[in-house]
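> Give the three-dimensional model of this entry:
(chains A, B and C)
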Amino acid sequence: MTERDDIIRESRETDLLSAFEGDVPVGGRTPAAIREFGGKYLPALLSFFVVIFLWEGLTRLFGIETFVLPKPSEIITSFIETWNVVWSAGFKTLYEAVGGFVIGVSAALLTSFAAARWVRFREGMLPVAIAANATPIVALAPIFNNWFSITSPLSKMAVVAVVVYFPVMINTTRGLLEVDQAELELMRSVAATPTETMLRVRVPHALPFFFASLKVASALSLIAAIVAEYFGGPQDVLGQYIINRANLFQFPDAWAAILVASILGVAFYVLILAAERLFMPWHVSFRTSE
Amino acid sequence: MTMVVDARGVGKVFGGGAEAVQALTGIDLEMETGDFISLIGPSGCGKSTLLRLVADLLEPTSGELLINAKSPSRARLDRDYGMVFQSATLLDWRTVRKNVELPLEIMDVPTEERSKRATEMLDLVQLDQFADHYPWQLSGGMQQRVAIARALAFQPSLLLMDEPFGALDEMTRELMQQEVLRLWGETGISVVFVTHSIPEAVFLSTRVLVMTPRPGTINTEIVIDLPAERDLSTRESPRYFELITEVREALRRGES
Amino acid sequence: MSESAGKTSSSSKVVRGGFSILAVIVAFVILWEGYKFIWTALEWTEPVNPSNRTLPHTWTIVGALFQPAQRNGPILLFVELKAAIFTLREALVGFLIGGSIGFWLGVLFVRSQTAERAFMPYVVASQTVPILAIAPMVVVWGGKLDIPQWLTVSVIAAYLTFFPVVINTMRGLRSPQPTAVELMRSYASAPREVLWKLQVPAAMPYIFTALKVSAAASVIGAIVGELPAGFRGGLGRDLLQFSQQFTAAPQKLFASVIVAGLAGMVFVGAITLAEHRFVAATRRQST
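This next block holds a predicted model:
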């Protein structure tokens, strides 16, 4: 009971993170989905453009210098002028992020199944997960730089993998364990084997939890990759590019790179959402009234 | 003749040491093929526990319990019984048809046979046109009918129902009771039915077993001698009300 | 769960928690040394070379904490503790500012729908900037504006803290059953009383959940914010510096990573303790 409480509590924390992302419906072809999109996100989109225009207008009006606050137009100009450089840096960083994401998520899945299967293992993993949630995991970056060679993308992937590992592991384990008691009794009443119960009840039940954690992980992986890059390595990646341009006070260039990071982050997130729709079309979040 | 359920002095203790709780004691029960037995009693009288002992979801700590002259676990592995829970317990990610097919999949019934049986069962509970809907698209009563179809899909000889209509409104509840009686008549299955509702127990059963708590035991057995064909007029007959009063008084006696 | 059962389990839980943490540490040391031993014996070098230059013995690492960091200087432990306090102070200042802003914004948004409609979109929009990922740039930017570096780092920590607190304060204030609010109304309580006697106590578990997430994030924010050149005194710079000295003395880097990890745990642990102090009582009533 207490140990389950902790899992629930811990995963409430990762849920909290997923709440920040906001579930943007993708590929919704029904009018209802479009209407929902319009109602929910149009005002946000409008206010976004209002902010951009105000930002541009006020910086011009008061003649604020670029190093204090670059104008949106300067950022866009830089974005276009440095197109090749920033996108090439962006894709190198994305490679690290996705590589680490794949490693971290795979490891988390293995652990989750083990944790769902063996109580002892679960009890051993739990304090590790709680402690890890409290530590600045990015501090491992310099160690991985020295282990896997500072120039190798593997050293950044390792950081991303560890950062991504814990939310995915905690959430998936929770999904596998937090199955309705009646569903387990049902499976037992029809004499299902543990493997059948795992495949037919626990795994489908864990999918929403797993995807919720993937959404968090997709955002975290890009951030973790960029942060890992600050600890040294090749110069042609987003993190190094941003800090180098900032050190030269070329802030519009830095912001253009951040724009690339944001676009890649959103694209990654949307990809996960699409996968979620594909794998669990039955889920509550996709129900439309018919 | 072998008994469907044959219990002699069955007891169940939860936990151990100082915190042990005697949930059931000295349960004797003989159930014949075609019986419709209701277990009724206040919360904590162990009626759901007794049902779970029959289903081999729990193990008795004393006494002897046989299902179709076999151990409960043997009977479970032989799929001798189907079970319906208070919540419909349909798997969200499966369509109505796939939910009914679930036990058949686990029994490795070939695909064609599976789909044929599911169709038959959905016909039986009159939900054939909802076969490809998802559970959330159905009302509570319809969901519970799917659960019944699932329980009957592999043609068990015994149906175990744990307060199946507890969450339904009164009107739906009466319709469902009529439905269960129809299925019972058509299939000749034996039913153990756990309920809180006195009218429900009387209307459905051939026998009502009144249970009392601390420790849970069967206090009184009341044979329901209403005609086999039961409908709205049964609910208005004087005998029906007499039996309701009889069950109520038995429950009262158990309280004191 | 009965009252007595709740009490025994909470005290035994502490013992069990302490025991399992110890068990995990022991298991970790065994894995570490076991890896070194087996990989050395079989002459394997992948994925990590087991030599003392990349994977020092656990005791070498712990030992490094008690040796002078520089010739004739104080021992590494003191140096790193000082750095940890420096970093934690930045994080704490930002955490307190961000937490307060978050709480009061949450209260405002729950009390006034107009305020929520008007400002909530900007609160959400603020989180589209990955502040952690650009923390070093923000510090350089702040430096150009003549803002002290530690203050910029605190602002980053505040930025990371306020959002989870706003969201969870709102969730928590809205968590009481409508009937509970109606009950308070039936007593003719003022909205202020409903807020302090019902909504805020109900929100405490939610707020503490957010605070724990924020505390961890603000320490990360502080460390990452300390990475730009010329920033002295914090854990972030030390990590970079010891990383460059890795070939000469790898154990220093590992030791400072341990201190950084402990710093995070101390911060989050302190908030967990506060949570037990303020929330446990209400939670026990509810179970």
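
> and B:Ala88, that's in a helix?
No - looking at B:Ala88 with DSSP: H, G, I helix; E, B strand; the rest coil, it is coil, so not inside a helix.

> For the stretch 101-250 of chain B, which residues are neighbours of chain A?
Within the stretch 101-250 of chain B, the residues that sit near chain A (C-beta under 8 Å from any C-beta of the partner chain) are B:Leu102, B:Pro103, B:Glu105, B:Ile106, B:Met107, B:Tyr134, B:Trp136, B:Gln137, B:Phe154, B:Leu160. Every C-beta, even on glycine, is put in place using the N, C-alpha and C of the backbone.

> residue ranges with poor pLDDT in chain C?
C:1-14, C:17, C:280-287 (pLDDT under 70).

> The residue minimising distance to the centre of it is in what secondary structure piece?
Nearest to the geometric centre of chain C sits C:Ala216, at 1.8 Å (C-alpha atoms, centre = their mean). Following DSSP states H and E, one finds C:Ala216 within helix C:200-225.

> list the helices and strands the next helix-or-strand element following that helix packs on?
As assigned by DSSP H and E, the chain's next helix or strand after helix C:200-225 is helix C:235-244. Using 3 or more C-beta pairs under 8 Å, 6 or more residues apart in numbering or on different chains; DSSP states H and E, the elements in contact with helix C:235-244 are helix A:141-147, helix C:76-111, helix C:200-225, helix C:250-286.

> want to try CSV for those, with distance to B:Glu174 as columns?
Formatted as CSV, the helices and strands packed on helix C:235-244 follow (distance: least, C-beta to C-beta, whole Å):
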stretch, distance to B:Glu174
helix A:141-147, 67
helix C:76-111, 44
helix C:200-225, 40
helix C:250-286, 37
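
> Of these, give the one that comes closest to chain B.
Chain B lies closest, by C-beta to the nearest C-beta, to one member of these: helix C:250-286, at 19.6 Å.

> All the helices of the stretch 101-250 of chain B, residue numbers only.
For the stretch 101-250 of chain B, the helices defined by DSSP state H, counting those that start in this stretch occupy B:111-124, B:140-152, B:170-187, B:198-204, B:232-235, B:238-255.

> export the ones you listed to CSV and tack on mean pLDDT and mean neighbour count?
Compiled in CSV, these are given as follows (pLDDT from 0 to 100; neighbours: other C-beta atoms under 10 Å in any protein chain shown):
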stretch, mean pLDDT, mean neighbour count
helix B:111-124, 90, 16
helix B:140-152, 90, 24
helix B:170-187, 88, 16
helix B:198-204, 93, 23
helix B:232-235, 87, 12
helix B:238-255, 89, 15
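
> of all these, which lies closest to A:Ala192?
Closest to A:Ala192 of those is helix B:140-152 (C-beta to C-beta; 13.0 Å).

> what does that closest one rub up against?
With contacts defined as C-beta atoms under 8 Å, 6 or more residues apart in numbering or on different chains, helix B:140-152 is touched by B:82-85, B:88-90, B:96, B:99-100, B:102-103, B:118, B:121-122, B:124-127, B:130, B:135, B:138, B:159-160, B:164-165, B:167-168, B:172, B:175-176, B:179-180, B:183, B:187, B:189.

> how many neighbours does residue 148 have?
Just so you know, I chose chain A. Using other C-beta atoms under 10 Å in any protein chain shown, A:Phe148 has 19 neighbouring residues.

> try chain C instead
Quick note: C:Pro148 (other C-beta under 10 Å) scores 10 neighbours.

> and stretch C:61-71, how far apart are its ends?
18 Å (C-alpha to C-alpha, to the nearest Å).

> Most proximal residue of the stretch 101-250 of chain B with respect to chain A?
For the stretch 101-250 of chain B, C-beta to the nearest C-beta, closest residue to chain A: B:Pro103, 4.1 Å.

> For that residue, which non-adjacent residue is spatially closest?
Spatially, and ignoring its direct neighbours in sequence, B:Pro103 is nearest to A:Val190 (4.1 Å; C-beta to C-beta, 6 or more residues apart in numbering or on different chains).

> follow-up on the earlier one: the helix holding C:Ala216 vs helix C:250-286, what angle?
In terms of direction (axes from the mean of the first three to the mean of the last three C-alpha atoms, to 10 degrees), helix C:200-225 departs from helix C:250-286 by 170 degrees.

> Check whether helix C:200-225 comes near chain A.
Yes - judged by C-beta under 8 Å from any C-beta, helix C:200-225 and chain A are in contact via C:Thr209, C:Ala210, C:Lys212, C:Val213, C:Ala215, C:Ala216, C:Val219, C:Ile220, C:Ile223, C:Val224.

> Distance from that helix to the middle of the chain?
Mean-position distance between helix C:200-225 and its chain equals 7 Å (C-alpha atoms, centre = their mean, to the nearest Å).

> Show me what it is packed up against.
Going by 3+ C-beta pairs under 8 Å, 6+ apart, helix C:200-225 lies up against helix A:2-21, helix A:119-134, helix C:76-111, helix C:135-144, helix C:149-173, helix C:235-244, helix C:250-286.

> just to revisit the earlier point, closest one to C:Val279 among the helices of the stretch 101-250 of chain B?
helix B:140-152 (36.3 Å).

> on that earlier part again, can you pick the most crowded of the residues of the stretch 101-250 of chain B next to chain A?
Greatest neighbour count in these, by other C-beta under 10 Å, goes to B:Pro103: 26 neighbours.

> What separation do you get for it and chain C?
Look at B:Pro103 and chain C: by C-beta to the nearest C-beta, to the nearest Å, they are 35 Å apart.

> Next, work out how far apart the residue nearest to A:Ala107 when sequence neighbours are not counted and C:Val213 are.
Distances taken as C-beta to C-beta, 6+ apart place A:Tyr165 nearest to A:Ala107, at 5.6 Å, with adjacent residues excluded. Counting by C-beta to C-beta, to the nearest Å, the separation of A:Tyr165 from C:Val213 is 17 Å.

> Looking at those two, which is more packed in?
Taking A:Tyr165 and C:Val213 together and counting by other C-beta under 10 Å, C:Val213 has the greater number of neighbours (25 against 22).

> show me what contacts residue 72?
No chain in the question, so chain A it is. Residues A:Ile52, A:Trp55, A:Glu56 are the ones in contact with A:Pro72 under the rule C-beta under 8 Å, 6+ apart.

> that answer is for a different chain, and I need it for chain B
B:Pro72 sits in contact with B:Leu53, B:Val54, B:Ala55, B:Asp56, B:Glu59, B:Leu65, B:Leu66, where contact means C-beta under 8 Å, 6+ apart.

> Show me which residues of the stretch 51-200 of chain C are close to chain A?
Counting by C-beta under 8 Å from any C-beta, the stretch 51-200 of chain C sits next to chain A at C:54-55, C:121-122, C:124-125, C:127-130, C:132-137, C:140-141, C:144-145, C:163-164, C:167-168.

> if we go to 7 Å?
C:54, C:121, C:125, C:127-128, C:130, C:132-134, C:136-137, C:140-141, C:144-145, C:163-164, C:167-168 (C-beta under 7 Å from any C-beta of the partner chain).

> before we move on, back to that, contacts only, for the residue nearest to A:Ala107.
A:Gly104, A:Ala107, A:Ala108 (C-beta atoms under 7 Å, 6 or more residues apart in numbering or on different chains).
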